[in-house]
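# here's my sequence, what's the structure:
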Amino acid sequence: MTRVAVLGGHGKTGRSVRAALEDRGATGVPLGRADWPDLVGALRGCAAAYLIAPNLYPDEPAYVAEALAAARSAGVGRVVLHSVASPYAPAMPHHLGKAAAEDLVRRAGLAWTVLQPGAYLQNLDLSGPVRIAYSADVPFGFADLAEVGAAAATVLLEDGHAGATYELATRVATVRELADEAGVPVEVVTPEAWAATDGAGLEPREREWLQAMFGYYDSHGLPVGTLPLRALLGGART
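Numbers count the residues shown, from 1 in each chain. Sure, this is the predicted structure:
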C-alpha cells in the first residue's frame, strides 16, 4: 500500500487529504510539529509528501525548506505543496511567504506539484449572519475542502503532474451571492472594527496580516478559475 506523508496532517486540510488518499487505497501518514525532531525518520518509507504550513506561519519558506531537506534525506520521490491562489500579491505578506515557498519547491531537485486553492467555502459560516471586513460584492474563487483533498490525492498518486501548478476553485461567486443562496444577511465592518472585536485575541502580526488581506480583498477579491479542479476531478462535477 502506498504511504503518503501529510505534513500538517492533523488540521482540516490535512484530514481532507488523508481521507481522499484512503478512498483511493493509499495510506495518509499525518505528521505534526512533534514529528519534526526526527522528520527524516518519520518520512522514510513514504512515496510522496504533501506539505501544508500552519495558518499564518511567521516564516513559511523556512518551514518548507526544512521539510524539503528531510524529504530528500528520507528518499521521498515526490512532493506537493499546498499554496494559495495568487501567491505573489505584495499587499498580502502571508501570500508572499507562500510564493517564496513555491520557489523553494521548484528548485528542490524533487518531482513537485503546487496546488493553489482559493478561499474555502467551509470558512464562511452560512448558518447565520455573515460578518466580513471587506466588500461582499467582489468575486472569489471558492474551493470546497473535500474537492481540494480529492485533487491532492490525484496529483500525489497519479503520473503526469510533476512540474505542474494548479489553481483550484469549485465555483466563482461573491460573498453576497452565497449568503443570498443560504437566506442569511451579510454584515460588512471595517478592518479596524474587526481588529477591535473578532481579531482582538490574535497576535499583532496575525491581526496585521489579516487586515492587509481584507484590504486586498476589498479592492480585488480573489478570483480563481474552476477548470483545473474540474479536470483533476475527472470532469465528474458540472
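
# output the strand ranked longest in the chain as PDB, nothing but the C-alphas.
Secondary structure of the chain per DSSP state E: the longest strand is strand 111-117. In PDB, the C-alpha atoms belonging to strand 111-117 read as follows (Å, rounded to 0.1, in the frame of the first residue of the first chain):
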ATOM      1  CA  ALA A 111       9.400  15.800  -8.600                       C
ATOM      2  CA  TRP A 112       7.000  18.600  -7.500                       C
ATOM      3  CA  THR A 113       3.500  19.900  -7.900                       C
ATOM      4  CA  VAL A 114       2.000  23.100  -6.500                       C
ATOM      5  CA  LEU A 115      -1.700  23.400  -5.600                       C
ATOM      6  CA  GLN A 116      -3.100  26.900  -5.200                       C
ATOM      7  CA  PRO A 117      -6.600  26.700  -3.800                       C
END
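
# so what strands line up beside the next helix or strand after it?
Counting by DSSP states H and E, the next helix or strand C-terminal to strand 111-117 is strand 119-120. Counting by DSSP bridges, the strands paired with strand 119-120 are strand 140-143 (parallel).

# which residues touch Glu187?
Shown in contact with Glu187 (C-beta atoms under 8 Å, 6 or more residues apart in numbering): Pro129, Val130, Arg131, Ile132. For every residue, glycine as well, the C-beta is placed using N, CA and C.

# chain center to stretch 86-99, what's the gap?
Centroid separation between stretch 86-99 and its chain, computed with C-alpha atoms, centre = their mean, to the nearest Å, is 13 Å.

# columns secondary structure, distance to Ala152 and pLDDT on top of the contacts of Glu187, output as TSV?
Listed next are those as TSV, based on DSSP: H, G, I helix; E, B strand; the rest coil; distance: C-beta to C-beta, whole Å; pLDDT from 0 to 100:
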residue	secondary structure	distance to Ala152	pLDDT
Pro129	coil	32	96
Val130	strand	28	96
Arg131	strand	30	96
Ile132	strand	27	97
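
# which among those residues end up buried?
Val130, Ile132 (16 or more other C-beta atoms under 10 Å).
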